[in-house]
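J.: model the following, please.
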Amino acid sequence: MVGYDFHLGRGREGSQERLSSEGLRLGFGVTIVPPVVLQGSVVSSTKIRRDVMERRFEHAARSLGHPYFFDAEVVGGEGIGRDLGFPTANLSVDDARKLLPPRGVYAVMVETAAGRYGGMMNVGSAPTVRGDASRRIEVHLFAFSGELRGERLRTHCIAFMREERRFAGAEELRAQLLQDRAAACGILEKKY
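T.: Predicted structure coming up:
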């Protein structure tokens with residue numbers, strides 16, 4: 001099965017017709033899949049990746065037929081979120097090439113072994129509480145209590161809420177997290 005715009009070989013010189021004739025000669029079938037058109041535009045992985053990187057999750061979801069998601073394992077953290085009253089699952093993505101949203105705060109739906117939960121996600125360095133600039137992914141699940149370490153979660157990206165930024169201290173960060181939770185709950189209530 002190949003897409004309508006498939007080419008192969010050096011310089012993309014091989015055509016669909018060539019592939020079909022090779023299939024006849026070597027005994028395999030070839031099916032050419034026509035383009036999928038949505039609202040007058042051809043759906044493509046390039047456009048979907050661009051939508052994710054531009055935080056246009058509703059558009060990406062229309063193209064995909066479901067919200068964009070990624071799978072990740074929950075790894076140990078430092079307990080900083082718990083100390084702030086917002087315990088988080090720290091996520092580790094196996095494949096460094098996996099497309100992830102840019103740094104920021106997002107409304108998400110998360111699938112766990114125990115069920116599906118609304119939540120909010122931070123992608124970034126958590127500059128208020130950490131001194132390094134390495135990227136981390138942390139998810140706070142609403143109405144969840146329990147241990148997730150070692151579990152694989154599927155995180156559906158629903159909406160971008162704000163850029164990540166440094167706060168003056170823990171109290172200012174906690175106040176912002178309360179606002180973020182209210183905003184995420186409002187977004188998720190409209191969609192689910």
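
J.: what does the worst-scoring helix or strand of the chain on mean pLDDT rub up against?
T.: Across the helices and strands of the chain, the lowest-confidence element by mean pLDDT, DSSP states H and E is helix 80-83, at a mean of 84. With contact meaning CB atoms under 8 Å, 6 or more residues apart in numbering, helix 80-83 is reached by 87, 88, 126, 129, 130, 138, 140, 170. Heads up, the C-betas are built off the backbone N, CA and C, glycines and all.

J.: quick check: buried residues in that helix?
T.: For helix 80-83, the neighbour count (16 or more other CB atoms under 10 Å) marks 80, 81 as buried.

J.: beyond that helix, next helix or strand please.
T.: Later in the chain than helix 80-83, the nearest helix or strand by DSSP states H and E is strand 89-92.

J.: dump that following strand to CSV, keeping only the CA atoms.
T.: Backbone C-alpha positions of strand 89-92 (Å, rounded to 0.1, in the frame of the first residue of the first chain) are rendered in CSV as follows:
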residue,chain,number,x,y,z
ALA,A,89,3.7,12.1,37.0
ASN,A,90,7.1,12.6,35.4
LEU,A,91,7.1,11.2,31.9
SER,A,92,9.9,9.7,30.0
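
J.: quick one: the strands in the protein?
T.: 2-3, 32-33, 37-38, 41-42, 69-75, 89-92, 104-112, 115-124, 136-141, 152-162 (DSSP state E).

J.: out of these, which is closest to residue 179?
T.: Relative to residue 179, the nearest member of these by CB to CB is strand 152-162, separated by 9.1 Å.

J.: ok, the closest one: who's next to it in the sheet?
T.: Counting by DSSP bridges, the strands paired with strand 152-162 are strand 69-75 (antiparallel), strand 104-112 (antiparallel).
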